[in-house]
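Asker: Predicted coordinates and the sequence they were generated for:
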Amino acid sequence: MALTKVSGPMTTAGTVSVFDFMTPVEISDVKSRLCTKNVTDSIQRALDYAEVTRQSVYIPAGKYLITQIAIPSGLHVFGDTTGGYGSQTAEYLYDSTVLFQDSGVNDDAIVFDCPVESGFFRIFNTHLHSFILLKKGTSDTIGNGISARQVNTDRDVAANHCLVNGITAFEKILVRGFPENGMYFKQGAVPLYCSDLDFIFNGGYGLRIDGNNYVRNVVLRNIAGDGNTGRACIFIASPSNDTQVTVDGLYSEYRSDASYGNSVSYPGAQPYGIELGDFGDNSSVHITNALQESIVTDTAASAVIFITSSSAATTPNVIFSGVKIADLTALSGQKKVLIDNRSWDAYTQFTIPATVTFGVYSLVDTGNTVCTQFANGHTAFGNGFQKPTVSSEGAQVYGALPSLSWYESDAAVDTKGWSIGPSSGSLYFRSFNDAGSAGSNYLQITRSGSSISRIIFLEKVRITGISTFADNTSAISGGLGTGDIYKTATGELRIVI
């Protein structure tokens with residue numbers, strides 16, 4: 001394909017405009033926002049020309065009907081979002097760059113054209129920003145908005161997806177109405193920077209990072225999601241070790257319906273802000289300033305973090321700060337938690353190895369917990385425990401009924417659960433069944449002020465290892481002190497006086 005312009009230059013030196021490669025009829029169609037002319041080939045010519053001449057590509061405000069465009073690695077591609085980026089009304093479409101994928105494509109709208117290095121297609125030093133990406137109609141069944149996939153390859157094969165390298169960034173982009181994910185990174189990213197992204201009514205997740213290979217030094221800042229069907233605004237999983245992800249600024253909304261623009265209506269979509277899948281060892285996810293809101297008229301669970309690791313995998317260390325759950329409908333009985341580690345369908349206890357959480361969060365209303373019951377060696381410090389404090393005395397757990405629970409996943413049926421917690425001024429040690437619906441206390445400790453007043457065994461007690469002595473004098477000679485217990489040769493239990 002000849003890399004020739006069809007009009008004079010319309011932008012400054014070092015930058016080419018896609019209008020330079022379009023016919024007057026196409027430019028008029030774009031500016032008038034009629035979307036009757038498919039301009040994919042013209043945009044692709046501009047991208048290919050910029051790759052050869054090493055220039056940036058400017059996509060002026062207007063509405064562009066496309067099928068699929070391939071961004072060459074290393075390009076800076078940008079548009080206009082002066083018409084109110086991020087607004088959820090029709091007005092935000094005007095004075096902005098809108099890429100509008102035609103119906104019936106059943107493929108990703110934006111893919112990449114990348115070199116092969118060390119066995120991977122690699123996206124190097126690529127910068128996309130300031131445009132809106134919409135899907136026309138609701139008839140398509142597959143297709144992501146932006147997919148880090150090599151052009152002209154099988155979209156379902158992991159090896160055909162690109163590994164993000166170098167300083168690659170996606171900023172000020174809104175993606176709405178695609179049958180799969182808003183943005184999809186299947187191979188992983190080392191590093192990746194995403195800022196000011198908005199995902200609305202996509203059929204999968206808003207932003208999905210599978211990390212088939214690596215996820216390291218990933219920063220997600222100011223991400224918003226509304227009504228995406230894939231359970232969460234953001235999905236992150238990375239089987240490789242030493243994964244590091246920072247999420248700073250997340251707004252996620254759980255919706256029951258949708259009605260505006262060309263959006264797709266998905267009942268009960270996006271109850272979770274972030275879903276965490278399988279991770280390798282020594283991985284961490286740092287979440288700050290995240291809000292999960294719910295305006296759904298049902299009693300399903302809603303959470304900022306939803307953990308779905310397999311039992312053979314490792315979940316990351318989760319560090320959170322300034323995280324908030326808000327229920328706009330204030331439904332009684334709705335479960336609102338910071339961390340939900342239960343299965344999606346049954347909400348049963350779920351085995352997840354070694355997650356450690358630190359942080360502060362808040363709820364609009366009371367009576368909700370920081371997390372569902374942890375399993376298999378978890379520790380946690382958080383606000384459902386109400387005031388997270390780590391001092392020289394160790395971790396302090398606060399709340400009206402604070403408790404710590406353990407769930408031994410490989411124990412026999414109804415012998416997995418144990419807990420310890422205070423009630424009415426006493427500290428109780430308790431066992432409970434697998435469903436958590438029944439249990440019994442086996443030890444009670446009471447107090448008078450700061451002093452322990454009584455230790456009460458509520459079940460049978462067996463004491464082993466007691467020394468045998470003939471009498472009190474022999475016991476003292478044998479090293480016991482006042483108050484110690486010993487037994488005689490006949491089995492009589494005595495106390496040293």
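Answerer: Yes, it's here. Keep in mind that what you see is a predicted model, and the values were worked out from it rather than measured.
Asker: Give me the buried positions along stretch 144-154.
Answerer: Buried residues in stretch 144-154, counting neighbours by 16 or more other C-beta atoms under 10 Å, are found at 144-151. No exception for glycine: its C-beta is placed from N, CA and C like everyone else's.
Asker: how about Lys37, what does it touch?
Answerer: 25-26, 29-30, 65 (C-beta atoms under 8 Å, 6 or more residues apart in numbering).
Asker: Taking those together, which two end up most distant?
Answerer: Val25 and Leu65 (12.8 Å; C-beta to C-beta).
Asker: if you count what's nearby, which of those two comes out ahead?
Answerer: Leu65 (21 against 10; other C-beta atoms under 10 Å).
Asker: What sits closest to that one if chain neighbours are left out?
Answerer: Cys35 (4.3 Å; C-beta to C-beta, 6 or more residues apart in numbering).
Asker: any idea how far Leu250 is from the one you found?
Answerer: 32 Å (C-beta to C-beta, to the nearest Å).
Asker: who's more crowded, those two?
Answerer: Taking neighbours as other C-beta under 10 Å, Cys35 and Leu250 compare with Leu250 leading, 23 against 18.
Asker: who does the nearest residue to that one once chain neighbours are set aside bridge with?
Answerer: Nearest residue to Leu250, sequence neighbours excluded (C-beta to C-beta, 6+ apart): Ala290, at 4.0 Å. Ala290 forms beta bridges with Leu250, Val323, as assigned by DSSP bridges.
Asker: Run through the residues that contact Ala290.
Answerer: Contacts of Ala290 by C-beta under 8 Å, 6+ apart are 247, 249-252, 273-274, 304, 320, 322-324.
Asker: now with 6 Å?
Answerer: 250, 273, 304, 323 (C-beta atoms under 6 Å, 6 or more residues apart in numbering).
Asker: rewinding a little: let me see the backbone angles for the residue nearest to Leu65.
Answerer: Per-residue torsions, Cys35: phi 60, psi 40 (degrees, to the nearest 10).
Asker: my guess is it meets Tyr64, correct?
Answerer: No - here Cys35 does not reach Tyr64: they are 7.7 Å apart, not a contact under C-beta atoms under 6 Å.
Asker: and Ile173, what are its bridge partners?
Answerer: Beta-bridge partners of Ile173, as defined by DSSP bridges: Phe131, Leu197.
Asker: and it, how many neighbours does it have?
Answerer: Ile173 has 26 nearby residues by other C-beta under 10 Å.
Asker: Assess the claim that it and Asp198 are in contact.
Answerer: No - judged on C-beta under 6 Å, Ile173 makes no contact with Asp198 at a distance of 7.6 Å.
Asker: Which residue ranges of the stretch 351-497 of the chain form helices?
Answerer: 472-477 (DSSP state H, counting those that start in this stretch).
Asker: need the strands for it, in chain order.
Answerer: 356-363, 379-380, 389-391, 394-396, 404-407, 417-423, 426-432, 439-448, 451-457, 485-487, 493-495 (DSSP state E, counting those that start in this stretch).
Asker: Out of these, which gets nearest to Gly79?
Answerer: Closest among those, using C-beta to C-beta: strand 356-363, at 36.5 Å.
Asker: And the average pLDDT for the closest one is what?
Answerer: Taken as a whole, strand 356-363 has an average pLDDT of 44.
Asker: And for stretch 76-85?
Answerer: Mean predicted confidence for stretch 76-85 is 74.
Asker: State the phi and psi torsions of Asp20.
Answerer: The phi/psi pair for Asp20 (degrees, to the nearest 10) reads phi -60, psi -20.
Asker: Compute the number of surrounding residues for it.
Answerer: Neighbours around Asp20, by other C-beta under 10 Å: 22.
Asker: Put the alpha carbons of stretch 25-45 into CSV.
Answerer: In CSV, the C-alpha atoms belonging to stretch 25-45 read as follows (Å, rounded to 0.1, in the frame of the first residue of the first chain):
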residue,chain,number,x,y,z
VAL,A,25,-16.0,13.2,1.4
GLU,A,26,-14.6,11.1,4.3
ILE,A,27,-13.5,14.2,6.2
SER,A,28,-17.0,15.7,5.8
ASP,A,29,-18.6,12.5,7.0
VAL,A,30,-16.3,12.4,10.1
LYS,A,31,-16.9,16.1,10.9
SER,A,32,-20.6,15.8,10.5
ARG,A,33,-20.6,12.6,12.6
LEU,A,34,-22.8,10.8,10.1
CYS,A,35,-20.7,7.6,10.2
THR,A,36,-21.7,6.5,6.7
LYS,A,37,-18.2,6.1,5.4
ASN,A,38,-15.8,3.4,6.7
VAL,A,39,-12.5,5.2,7.1
THR,A,40,-10.4,2.3,8.4
ASP,A,41,-8.1,2.2,5.4
SER,A,42,-7.4,5.9,5.6
ILE,A,43,-6.5,5.8,9.3
GLN,A,44,-4.3,2.8,8.6
ARG,A,45,-2.4,4.6,5.9
